[in-house]
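[1] model this:
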Amino acid sequence: MTRPTRMEPILDPTAHTDIRTDAASTDTSAPRLDVADIRARLESKKGQAYWRSLEELAETPEFEDFLAKEFPRQAAPLEGAVDRREFVKLLGASLALAGLTSCVRPYEQEKILPYVKAPEEIIPSIPIVFATALTHGGYAQGVLVESHQGRPTKIEGNPDHPDSLGHTNPYMQANTLSLYDPDRSQGVTNAGSASSYSDFVNVFATALAGLQGGAGFHILSETVTSPTLARQLAEVLAAYPQARWSQFDGLTGNAQTGSQSAFGEIVQTRYDFSQADTILSLDADFLGPGPGQLAYSQAFADRRRVRTAEDTMNRLYVVEGNPTITGSMADHRLALRPSQIAGVAYALAGRLGVEGVEEGGLPEGLEAAWLDAVIEDLRAAEGRCVVVTGETQSASVHALAHAINAALGSVGKAVFYTDAVAVQPTDQLASLRTLTEAITGGEVQMLLILGGNPVYNAPADFGFTEALTKVPFSAHLSLYQDETSTRTTWHLPQTHELETWGDARAFDGTATIMQPLIEPFYDGISAHQLLAAVLGDTEATSFDHVRATYQELAEGDFEAFWRGTVYQGTINGTKLEPRPLQVQADALRLSGAAAQATGAAGEAAAAAGGLEVAFRLDPSILDGRYSNNGWLQELPKPFTKLTWDNAALVAPALAERQGLSNGDMVRLTVNDRSLELPVWLMPGQADGLVVVHLGYGREDAGHIGTGVGFNANVLRTSEAYWHATGAQLEPTGESYVLVSTQLHHSLDTKGVENRHIV
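    Residues are numbered from 1 along each chain as shown. This is a model prediction of the structure:
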């Protein structure tokens with residue numbers, strides 16, 4: 001069964017029906033897009049022209065056929081004459097049938113029994129709401145979880161939490177589906193065979209006792225902001241002084257190393273967009289996924305609302321390579337390749353008189369008038385402006401942005417620096433490289449991996465997968481038996497965040513208690529329990545460990561403090577206070593030189609006919625951690641509206657030069673590493689740039705996510721982790737069926753100019 005062309009109900013919710021296309025189709029009969037013809041049609045339009053897709057602009061037979069088939073098949077009589085009453089009756093019947101069939105129990109009827117003695121707080125049909133938190137890249141996002149008869153069913157934002165402020169994003173909502181995912185790991189395994197947690201603890205303790213001072217014992221985790229995990233890790237390293245702790249998270253970019261370049265230490269940058277009259281984004285999708293997204297989005301949106309004659313709107317400039325949510329909100333947007341954005345930062349710093357940066361030339365594609373307008377607005381809003389840089393930009397661009405914000409007087413007003421929220425901030429690529437080299441050198445005897453999936457998303461040049469198999473004793477704690485789990489000697493099922501006690505800090509440092517709403521389904525183990533077992537404590541629960549962290553914070557009655565804290569969802573007084581910092585002039589000169597070199601390398605590669613490739617987190621499944629979540633797989637991506645797949649996004653101009661159309665298979669080569677995948681035309685993207693989303697091509701994701709899409713990680717190296725120059729794109733002559741919802745619900749306005757009322 002191929003993937004559906006529209007959101008159709010899956011009749012059997014327990015069946016893992018394959019609704020994907022498993023191989024590239026060789027059908028080349030689909031109408032091809034003529035970019036030159038589309039451009040001519042646009043030029044012939046009078047006034048503003050609105051369109052949903054290139055197919056609609058081209059008026060392809062495929063688009064016309066799609067319009068004819070958009071209604072449900074039960075409404076086929078609509079092709080003839082029918083009145084409104086008949087239309088509503090037919091449509092209502094089709095929806096009713098769809099709803100009934102999707103709710104049918106696929107197994108024989110089972111008797112259900114009412115409560116003999118229901119818990120006092122549970123009233124049938126009346127939900128109970130609990131405050132807790134979910135994490136994104138280790139950072140807490142406060143939520144209120146609705147529970148019906150002891151089962152979590154709905155997630156909303158906690159209005160009292162500084163990150164969510166009462167709002168949610170798709171990943172938070174989709175966590176309810178992940179909680180009930182039957183593909184989650186359901187037991188401990190040893191070398192692929194079923195085992196038990198007690199057996200693991202015994203074997204682990206024996207192996208660790210044989211290491212003098214813990215020499216050869218390494219822990220690998222993702223980003224940690226949890227005060228309780230921080231305390232436990234410190235205790236482990238104190239008990240085993242020769243042990244080592246490494247970190248690697250697929251969501252972490254260059255912001256940490258950028259602050260280190262600017263200030264000589266890693267600090268947290270926090271923005272107050274409510275105080276910003278002018279904003280310049282340098283490849284920063286601050287309205288997209290990430291820590292602080294919901295708070296930043298609300299502050300930005302509030303400044304766009306004009307309620308009285310005295311209200312003024314903020315102004316947003318965006319320089320980016322591919323369209324983003326933030327770019328779509330821009331008052332002025334400039335599409336440039338990622339390497340060119342480094343040149344923009346350098347030119348801006350030079351013209352603003354930043355110390356240590358000379359005024360130089362402009363990168364290709366940046367007009368002096370555009371930059372002058374940006375500078376004029378930034379200076380006019382001095383102290384009330386922000387220059388924000390994306391995680392994927394280099395450390396040198398981040399350092400330049402810090403210097404620009406300081407020169408504009410925004411630090412302490414719209415830009416703030418605090419101690420790092422992460423427990424032990426570090427250059428995570430360097431951390432993983434050091435660990436891999438230690439494994440290769442035979443220095444690692446025991447490796448404990450807490451979450452993450454480094455076998456899947458580690459840089460291709462590290463050789464982490466091959467190195468992992470050389471570790472005598474390795475264990476992986478994770479929600480799924482994924483690519484990393486299948487290559488470790490032990491796998492441990494991890495508890496979902498809605499199944500265990502825990503804690504984490506928000507982007508501003510505010511600590512949050514995470515409480516469970518349901519008992520673990522599969523005897524899952526939390527990271528707190530596992531680290532306690534390392535120290536020989538196998539009896540204490542996650543609840544005990546989290547409470548122990550906050551014993552000293554309570555003033556007076558601890559039980560009253562604990563109840564109030566858990567009820568509220570946040571811990572008062574834990575927000576990190578701003579620090580005064582000054583950009584180091586010597587470091588800035590190095591950053592300026594590095595930015596210049598990046599821009600020059602990009603221009604040289606482009607002049608030689610090479611393309612630039614940008615690797616980006618997928619808007620739906622991020623780095624692949626949500627690959628097995630059907631809700632997110634079916635969530636149409638912004639702009640492309642693709643579902644169940646990723647593609648090589650190219651600008652129409654590049655497609656025209658190479659004769660490419662949507663779905664054409666190409667071979668993308670970066671530094672002698674190649675990947676075959678389909679292309680998709682993306683209006684608004686910088687010419688000469690190919691954008692590939694991560695998270696796909698999984699081998700061990702589960703029934704939903706395995707084998708979906710194409711694994712862009714095979715092209716990523718430590719030197720080209722977020723973007724690379726000098727790439728080549730070569731058509732293979734084959735095609736592939738990509739599913740996009742972009743044309744769904746289109747109305748036929750053919751023959752009526754600019755009639756886009758709906």
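[2] which sections of this structure are below the confidence cut-off?
    Confidence mapping of the chain against pLDDT under 70 gives the ranges 1-31, 33-35, 37-125, 743-758.
[3] how about the most centrally placed residue in the chain, phi and psi?
    Centroid-nearest residue in the chain, with CA atoms, centre = their mean: residue 622, separated by 3.5 Å. Residue 622 adopts backbone torsions of phi 60, psi -120, taken as degrees, to the nearest 10.
[4] That one against residue 696, yeah?
    No: applying CB atoms under 8 Å, one finds residue 622 not in contact with residue 696, separated by 11.1 Å. Backbone N, C-alpha and C define where each C-beta goes, glycine included.
[5] Quick check: the gap between residue 742 and residue 680.
    The span separating residue 742 from residue 680 equals 10 Å under the rule CB to CB, to the nearest Å.
[6] who has more neighbours, the two?
    Using other CB atoms under 10 Å as the criterion, residue 742 and residue 680 rank with residue 680 on top: 26 against 16.
[7] Can you tell me the SS state at the more buried one?
    When the structure is split into helix, strand and coil by DSSP: H, G, I helix; E, B strand; the rest coil, residue 680 lands in strand.
[8] other SSEs contacting the longest strand along the chain?
    With DSSP state E applied, the strand covering the greatest number of residues in the chain is identified as strand 723-735. Strand 723-735 sits against helix 338-351, helix 585-607, strand 611-616, helix 652-658, strand 664-670, strand 673-681, with contacts defined as 3 or more CB pairs under 8 Å, 6 or more residues apart in numbering; DSSP states H and E.
[9] Can you check which of these gets nearest to residue 313?
    helix 338-351 (22.5 Å; CB to CB).
[10] Return that closest one as CSV; C-alpha atoms alone will do.
    This file holds the C-alpha atoms of helix 338-351, laid out as CSV (Å, rounded to 0.1, in the frame of the first residue of the first chain):
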residue,chain,number,x,y,z
PRO,A,338,25.0,30.3,4.5
SER,A,339,28.6,31.1,3.6
GLN,A,340,27.5,34.5,2.4
ILE,A,341,25.8,35.3,5.7
ALA,A,342,29.2,35.3,7.4
GLY,A,343,30.2,38.1,5.0
VAL,A,344,27.0,40.0,5.9
ALA,A,345,27.9,39.8,9.6
TYR,A,346,31.5,41.0,8.9
ALA,A,347,30.3,43.9,6.7
LEU,A,348,27.7,45.0,9.3
ALA,A,349,30.2,44.9,12.1
GLY,A,350,32.7,46.9,10.1
ARG,A,351,30.2,49.6,9.1
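[11] Now the element after it, going C-ward?
    Elements were assigned by DSSP states H and E; along the chain past helix 338-351, the next helix or strand is helix 368-380.
[12] Just want the angle from that next one to helix 338-351.
    With axes from the mean of the first three to the mean of the last three CA atoms, to 10 degrees applied, the angle from helix 368-380 to helix 338-351 works out at 60 degrees.
[13] angle of whichever helix or strand comes after helix 368-380 against helix 338-351?
    Along the chain past helix 368-380, the next helix or strand (assigned with DSSP H and E) turns out to be strand 385-389. What separates the directions of strand 385-389 and helix 338-351 is an angle of 150 degrees, with the same axes, to 10 degrees.
[14] tilt between the helix or strand following strand 385-389 and helix 585-607?
    Next along the chain after strand 385-389, taking DSSP H and E as the criterion, comes helix 395-407. Angular relation of helix 395-407 and helix 585-607 on a 0 to 180 degree scale: 130 degrees, by the same axes, to 10 degrees.
[15] Give me the contact list for helix 395-407.
    Among residues not part of helix 395-407, those counted as contacts by CB atoms under 8 Å, 6 or more residues apart in numbering are 254-255, 257-263, 269, 282, 341-342, 345-346, 348-349, 352-357, 386-389, 411, 415, 582-583, 587-588, 590-592, 594-595, 598.
[16] Report the separation between residue 486 and residue 225.
    Taking CB to CB as the criterion, residue 486 is separated from residue 225 by 29 Å.
[17] So for those two, which sits in the more crowded spot?
    Each of residue 486 and residue 225 had its neighbours counted (other CB under 10 Å), and the higher figure belongs to residue 225 (24 against 14).
[18] that's a helix at that one, yeah?
    No: using three-state DSSP, the assignment for residue 225 is coil, not a helix.
[19] Could you pull up the contacting residues of it?
    Residues touching residue 225, when contacts are defined by CB under 8 Å, 6+ apart, comprise 135, 138-140, 421-423, 504-505.
[20] Excluding sequence neighbours, find me the nearest residue to it.
    Taking CB to CB, 6 or more residues apart in numbering as the measure, residue 225 lies nearest to residue 505, with 4.1 Å between them; neighbours along the chain are not counted.
[21] Contact partners for the one you found?
    With CB under 8 Å, 6+ apart, residue 505 has these contacts: 139-140, 225-227, 421, 511-512, 574.
[22] Go ahead and name everything in contact with the helix or strand containing residue 229.
    The secondary structure element spanning residue 229 is helix 227-239 (assigned by DSSP H and E). Residues outside helix 227-239 that contact it (CB under 8 Å, 6+ apart): 214, 219, 221, 224, 243, 245, 423-424, 502-503, 505, 511, 527-528, 531-532, 534-535, 545-546, 548-550.
[23] Could you export that helix as PDB, CA atoms only?
    Coordinates of each C-alpha in helix 227-239 appear next as PDB, following Å, rounded to 0.1, in the frame of the first residue of the first chain:
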ATOM      1  CA  PRO A 227      19.900  19.800  38.700                       C
ATOM      2  CA  THR A 228      19.300  16.200  39.900                       C
ATOM      3  CA  LEU A 229      21.300  14.600  37.000                       C
ATOM      4  CA  ALA A 230      24.000  17.200  37.600                       C
ATOM      5  CA  ARG A 231      24.300  16.200  41.300                       C
ATOM      6  CA  GLN A 232      24.300  12.500  40.400                       C
ATOM      7  CA  LEU A 233      26.900  12.900  37.700                       C
ATOM      8  CA  ALA A 234      29.100  14.900  40.100                       C
ATOM      9  CA  GLU A 235      28.800  12.100  42.700                       C
ATOM     10  CA  VAL A 236      29.700   9.400  40.100                       C
ATOM     11  CA  LEU A 237      32.800  11.400  38.900                       C
ATOM     12  CA  ALA A 238      33.800  11.900  42.600                       C
ATOM     13  CA  ALA A 239      33.500   8.200  43.400                       C
END
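[24] Now do the SS call for residue 504.
    Three-state secondary structure (criterion: three-state DSSP) places residue 504 in strand.
[25] which ones are touching the residue nearest to it when sequence neighbours are not counted?
    Taking CB to CB, 6+ apart as the measure, residue 504 lies nearest to residue 140, with 3.8 Å between them; neighbours along the chain are not counted. Shown here is residue 140, whose contacts under the criterion CB under 8 Å, 6+ apart are 133-134, 161, 163, 225, 503-506, 510-512, 514.
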